[in-house]
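J.: give me a model of this one.
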Amino acid sequence: MQNSPQDLHKKILGRAGERRGADFLRALGYEVLKTNYKTPYGEADIVARDGDTYVFCEVKARLTDAYGSAAEAVERHKQRRYTDIARFFLQRLGREADVRFDVLEVGAEGVHHIPAAFDAARPRGKKQ
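T.: Numbering: from 1, shown residues only. Presented below is the predicted three-dimensional model:
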């Protein structure tokens, strides 16, 4: 089954947004560890490290806020998915660590970084 032109456009926009988001985090001094990190629980757009804290980033690339802000698009089910992804990552890492869940809104005007955009259970991770 082929993707529609609209689906292809969304995919290209999303990948470009993820690249801009990763570059943005690197410029802030973060170490980008993984992009498009796939797990049995889903995919994290970016996994980075900010000092001793592992940061799981959802990137939302949008050309307009006509359907709400990008951050508003990170609904509860996606937050739970990111919690499971973080748990999986930490288990593979084999140690406890601080974690944080950020959102990067990428648009025509630049990147808006929302650190600790949502709070989720942090299995095996220490609370901030």
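
J.: can we go C-alpha only for contacts and neighbour counts from here?
T.: Noted.

J.: and Thr39, what is it in contact with?
T.: When contacts are counted by C-alpha atoms under 8 Å, 6 or more residues apart in numbering, Thr39 touches Ile85, Phe88.

J.: again, 7 Å this time
T.: Neighbour list for Thr39: Ile85 [criterion: C-alpha atoms under 7 Å, 6 or more residues apart in numbering].

J.: ditto for Lys11
T.: Not one residue lies near Lys11 by C-alpha under 7 Å, 6+ apart.

J.: okay, and the beta partners of the closest residue to Phe118 other than its chain neighbours?
T.: Leaving aside its sequence neighbours, Phe118 sits nearest to Phe101 (C-alpha to C-alpha, 6 or more residues apart in numbering; 6.1 Å). For Phe101, the beta-bridge partners are Phe56 (DSSP bridges).

J.: is it true that Phe101 touches Tyr54?
T.: No: Phe101 is beyond contact range of Tyr54, at 8.7 Å (criterion: C-alpha atoms under 7 Å).

J.: count the residues that sit near Phe56.
T.: Phe56 has 26 neighbours, counted by other C-alpha atoms under 10 Å.

J.: so what pLDDT did it get?
T.: As predicted, Phe56 sits at a pLDDT of 98.
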